[in-house]
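# Fold the following and give me the result.
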Amino acid sequence: MAEKTFRVAVTKYLEVRLNTEKLDAEFWHDFNTSITDRGGEDFEYLAEHAAWNYVQGDTVFIEGIGPLDEMHVFIAEVDSDVTVEA
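Numbers count the residues shown, from 1 in each chain. Just a heads-up that it's a prediction; the model follows:
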């Protein structure tokens with residue numbers, strides 16, 4: 001049997017919208033004690049955390065954030081790119 005192996009890179013580009021009114025001091029305290037201690041607010045890291053978990057299949061609930069709809073977190077794929085190496 002003849003086989004071919006390919007290395008395929010799939011890059012997804014996501015839009016992450018955060019409702020900062022939901023992300024109060026209590027939220028950041030809980031996030032920093034349960035996920036990683038960022039030393040306070042870090043919206044860029046939170047967007048990264050949300051996006052990483054989203055592409056892993058967590059589309060409804062993300063650990064450290066909670067239910068996405070309840071927390072008013074919106075994540076959507078806006079583009080993708082595929083590269084194949086033989």
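# Can you name the residues in contact with the lowest-mean-pLDDT helix or strand in the chain?
Every helix and strand in the chain was compared by mean pLDDT, DSSP states H and E; the lowest is helix 25-34, with a mean of 94. For helix 25-34, contacts defined as CB atoms under 8 Å, 6 or more residues apart in numbering pick out 38, 39, 40, 41, 46, 63, 64, 65. All C-beta spots, glycine's among them, are computed from the backbone N, C-alpha and C.
# Pretty sure the fifth one sits against residue 20.
No. The pair residue 46 and residue 20 fails to qualify as a contact (CB atoms under 8 Å) at a distance of 9.9 Å.
# who has more neighbours, these two?
Set residue 46 next to residue 20 and count neighbours by other CB atoms under 10 Å: residue 46 wins out with 23 against 11.
# Surely the more buried one forms part of a helix?
Yes. Under DSSP: H, G, I helix; E, B strand; the rest coil, residue 46 sits within a helix.
# mind checking how far the closest residue to it other than its chain neighbours is from residue 82?
Leaving out its chain neighbours, the residue that sits closest to residue 46 by CB to CB, 6 or more residues apart in numbering is residue 18, at 6.5 Å. Here residue 18 is placed at a distance of 28 Å from residue 82 (CB to CB, to the nearest Å).
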